[in-house]
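Colleague: I would like to see how this sequence folds:
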Amino acid sequence: MNERLHDAANRLIRKKRDSGADPVNLCGLNSIKDAYNIQAYAQSLLGVNVVGWKASLLADSSILSAPIFDCDLFFSGETLPIQRMKDGVECELAFVIDTALGPRPASGYTRADVIPCIGGVMAAFELLDSRLMELFQSPTPHLLADNLGNGGVVLGMAYASWLEHNLLEIAVELTVDNVTVLARRGGHPAGDPLDVVVALANHLAHCGKVLKPDQFVMTGSYTGVHKVESGQHLVATFAGVGNVALRVAA
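Modeller: Numbering: from 1, shown residues only. Predicted coordinates:
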């Protein structure tokens with residue numbers, strides 16, 4: 001066991017459990033590999049299971065990933081404390097994995113390999129809660145160690161006929177207390193969020209991991225970050241796919 005990385009995981013968990021604890025300073029953490037090891041230490045210390053993944057596809061086609069734990073999974077209509085989303089929420093599409101991928105081809109997985117394994121797409125909120133001193137301006141290894149600032153996810157119902165829709169141009173609307181605060185078409189940073197799922201499958205295979213049946217993939221925000229206030233009721237709707245609702249505790 002690496003004591004330095006184990007200590008970093010412990011400090012991140014302490015902040016995760018107690019929003020009043022001091023923000024975590026990960027000065028000296030410069031390695032992407034070490035950051036992913038901190039994720040693994042945190043999972044072990046928490047004693048939780050991985051139920052999904054958060055993935056971010058960068059402009060250079062590299063990908064950053066973080067596990068989503070069962071203790072951070074919620075469903076549409078739940079009321080949650082604002083501490084879980086103190087840095088805001090994002091409106092996303094989550095892809096649910098229905099069947100296991102086959103062995104990774106030498107040239108890597110393609111869309112044709114991944115699409116048959118997807119059971120549906122869900123409207124979802126990602127809750128943002130950075131535990132870091134510099135929040136989302138932190139260096140990349142620090143962001144990774146902090147599970148990319150994930151404070152939880154809220155999932156809607158899975159929609160099986162997602163291939164009938166153009167996810168590049170899908171209409172999305174966010175309402176707060178029944179008032180539309182954002183409405184647009186498309187806007188996903190990767191263009192098509194399916195590309196994020198494919199990139200994650202290849203990334204995990206490179207790391208000796210796999211996307212498992214019943215796991216889901218959060219693929220990035222169509223709407224940017226929206227700050228919330230106590231008592232608000234939020235609904236994100238993706239046209240033809242479905243919606244997801246969240247109430248912030250008063």
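Colleague: can you pull out the helices in the protein?
Modeller: 3-17, 32-46, 111-114, 140-145, 194-206 (DSSP state H).
Colleague: For the residue nearest the centre of the chain, give me its contacts.
Modeller: Using C-alpha atoms, centre = their mean, the residue of the chain that lies closest to the mean C-alpha position is Lys54, 3.1 Å off. By C-beta atoms under 8 Å, 6 or more residues apart in numbering, Lys54 lies in contact with Ser65, Ala66, Pro67, Ile68, Glu126, Asn147, Leu148, Asn150, Val153, Met218. No exception for glycine: its C-beta is placed from N, CA and C like everyone else's.
Colleague: Same check on Arg11?
Modeller: Val24.
Colleague: how close does it sit to Asn49?
Modeller: Arg11 sits 22 Å away from Asn49, going by C-beta to C-beta, to the nearest Å.
Colleague: Check Val114 too.
Modeller: Distance, Val114 to Asn49, using C-beta to C-beta: 23 Å.
Colleague: neighbour count winner among those two?
Modeller: Neighbour count, other C-beta atoms under 10 Å: between Val114 and Asn49, Val114 has more, with 22 against 13.
Colleague: Now that one. Nearest residue, chain neighbours left out?
Modeller: Val198 (5.0 Å; C-beta to C-beta, 6 or more residues apart in numbering).
Colleague: Distance-wise, check the one you found relative to Pro103.
Modeller: In terms of C-beta to C-beta, Val198 sits 16 Å off from Pro103.
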